[in-house]
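Engineer: take this sequence and fold it.
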Amino acid sequence: MSTDGAFSADPWLWFRDSFARAGRSETFDASRAALATVGADGRPSVRFVLVKHADERGFVFFTNFDSTKARDLLARPHAALAFHWATISEQVRAEGSVERVTDQEADAYFGSRPRGSQLAAWASRQSAEIADRAALQAQYEAARQRFADQASVARPPFWGGFRLQPVRIEFWHGRDDRLHDRWSFERNVGSWRMRRLQP
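Structural biologist: Coordinates of the predicted model:
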């Protein structure tokens with residue numbers, strides 16, 4: 001969304017425009033975003049995820065439900081995401097509540113993954129300690145053998161997705177002399193409140 005053009009009060013129009021431009025210029029996957037969660041001890045934890053879908057319902061990413069981030073989200077279903085696209089000098093931040101996606105959504109995405117990635121989802125108990133690389137390779141080989149005679153790999157019951165439903169989305173556009181442009185969208189009942197912020 002051009003910062004000099006007409007302003008839309010719909011943050012999803014802004015996001016789709018920024019994401020499309022980032023997808024044409026970023027050398028890395030433009031869907032990567034930092035995801036922050038909070039643990040039982042009240043301390044934040046952050047890691048990068050790939051946001052596989054984004055629309056008016058929220059931002060969707062997938063993981064092993066035994067992972068640290070999933071355990072955080074299942075116990076405390078609130079999170080924050082941050083995209084940074086250096087090639088277009090833009091950032092997008094989102095904060096809100098989190099819910100699990102439906103099994104149908106998880107099945108559809110899992111079915112679209114390469115077979116090797118599907119097998120890896122079975123092989124890895126994400127975030128659990130493991131002795132060495134050889135042990136991980138052995139777990140992968142066991143998964144490969146398990147599904148060797150099957151045309152497709154079923155989604156593991158411990159693997160699925162989350163949707164962050166934003167109550168706040170902020171857009172940051174880099175400008176000269178650090179006089180950056182920032183806009184905040186905060187969800188109201190049935191609409192968004194748009195404010196321009198100082199850099």
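Engineer: can you map out the strands along this structure?
Structural biologist: Per DSSP state E, the chain carries strands over the ranges 32-38, 44-50, 53-55, 58-64, 78-85, 90-100, 159-173, 181-188, 191-197.
Engineer: want to try a markdown table for those, with mean pLDDT, distance to residue 150 and mean neighbour count as columns?
Structural biologist: C-beta coordinates here come from the backbone N, C-alpha and C atoms, glycine included. As requested, the strands of the chain are exported to a markdown table (pLDDT from 0 to 100; distance: least, C-beta to C-beta, whole Å; neighbours: other C-beta atoms under 10 Å):
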| stretch | mean pLDDT | distance to residue 150 | mean neighbour count |
| --- | --- | --- | --- |
| strand 32-38 | 98 | 31 | 19 |
| strand 44-50 | 98 | 26 | 13 |
| strand 53-55 | 97 | 27 | 17 |
| strand 58-64 | 98 | 21 | 22 |
| strand 78-85 | 98 | 35 | 19 |
| strand 90-100 | 98 | 26 | 19 |
| strand 159-173 | 98 | 17 | 21 |
| strand 181-188 | 95 | 44 | 16 |
| strand 191-197 | 95 | 46 | 13 |
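Engineer: of all those, which one is nearest residue 25?
Structural biologist: Nearest to residue 25 among the strands of the chain is strand 78-85 (7.5 Å), distances taken as C-beta to C-beta.
Engineer: now do the contacts for residue 51.
Structural biologist: Contacts for residue 51 were tallied using C-beta atoms under 8 Å, 6 or more residues apart in numbering; they are 31, 32, 33, 59, 60, 61, 81, 83.
Engineer: with adjacent residues omitted, what lies nearest to residue 199?
Structural biologist: Among residues not flanking residue 199 along the chain, residue 180 sits closest, at 3.9 Å (C-beta to C-beta, 6 or more residues apart in numbering).
Engineer: same thing with residue 98?
Structural biologist: Once flanking residues are discounted, residue 98 sits nearest to residue 77: 4.5 Å by C-beta to C-beta, 6+ apart.
Engineer: I'd assumed residue 97 was in contact with that neighbour.
Structural biologist: Yes. If you go by C-beta atoms under 8 Å, residue 77 and residue 97 touch, sitting 5.6 Å apart.
Engineer: what's the burial count for residue 15?
Structural biologist: 21 (other C-beta atoms under 10 Å).
Engineer: what do you get for residue 137?
Structural biologist: If we define neighbours as other C-beta under 10 Å, then residue 137 has 11 of them.
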